[in-house]
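Dropping the sequence and predicted coords here.
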Amino acid sequence: MAAAQRDPSAFASLYRKYVAQIYSLALYETRDPHLAEDITEVVFLKALAALPRFRERDEGDESTFKVWLYAIARNAINNERRRDRRHPQEPIELALHVRASDDPATEAEVRLEAERAIAAVMDLPAERRQAVVLRFVNQLSAREIGQIMGKSEGAVRVLIHRSLLSVRRRLEA
């Protein structure tokens, strides 16, 4: 532990020792192997960045470091859960599985219309498509989209408005 604080390259041994445990915790909590990998990466990057500030307690054993690492992992998992609650992300294809009614003809019509709408969005120019997806799939605000795309909030609103007009025109044609 002390060697890793003096020389970050010595952190590799701590990583090897705890990576499986942290991954296992993240996998158990998320039930998603890819997300668990991402969380594990975040945990170790945060731990490496904060390592110079880490202080062993009087026990002098590695359990203090392990507890600290698990606390970072727990915070990363909680942050991910908060992000998911604020910005749920579902594949756009799920819109195709909306049941309109028990009538197969009505359901087929609704499904066809949803497929046409998705196709119209996907055929938009890249910038317009990105703005629409960020707004309606990722449920981001115009301000957040503007920060991502490097545009003003007003410019994003105009971009989304024009994009929706294009989609409507295509669906009406």
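Yes, it's here.

By mean pLDDT, flag the weakest helix or strand of the protein.
Ranked by mean pLDDT, DSSP states H and E, the weakest helix or strand in the chain is helix 2-6, scoring a mean of 53.

contacts for the longest helix seen in the chain?
When the chain is parsed with DSSP state H, its longest helix is helix 63-86. Applying Cβ atoms under 8 Å, 6 or more residues apart in numbering, the contact partners of helix 63-86 are 1, 14, 18, 21-22, 25-26, 29-30, 35, 39-40, 42-43, 46-47, 50, 54, 56-57. All C-beta atoms are positioned from the backbone trio N, CA, C, and that covers glycine.

in the very next helix or strand once past it, what's buried?
The helix or strand immediately downstream of helix 63-86 is helix 104-122, counting by DSSP states H and E. Across helix 104-122, burial judged by 16 or more other Cβ atoms under 10 Å covers V110, R111, A114, A117, A120, V121.

could you redo the residues you listed as CSV and give each row distance to R86 and pLDDT?
As requested, the buried residues of helix 104-122 are arranged in CSV below (distance: Cβ to Cβ, whole Å; pLDDT from 0 to 100):
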residue, distance to R86, pLDDT
V110, 29, 78
R111, 30, 79
A114, 25, 82
A117, 25, 87
A120, 28, 90
V121, 23, 89
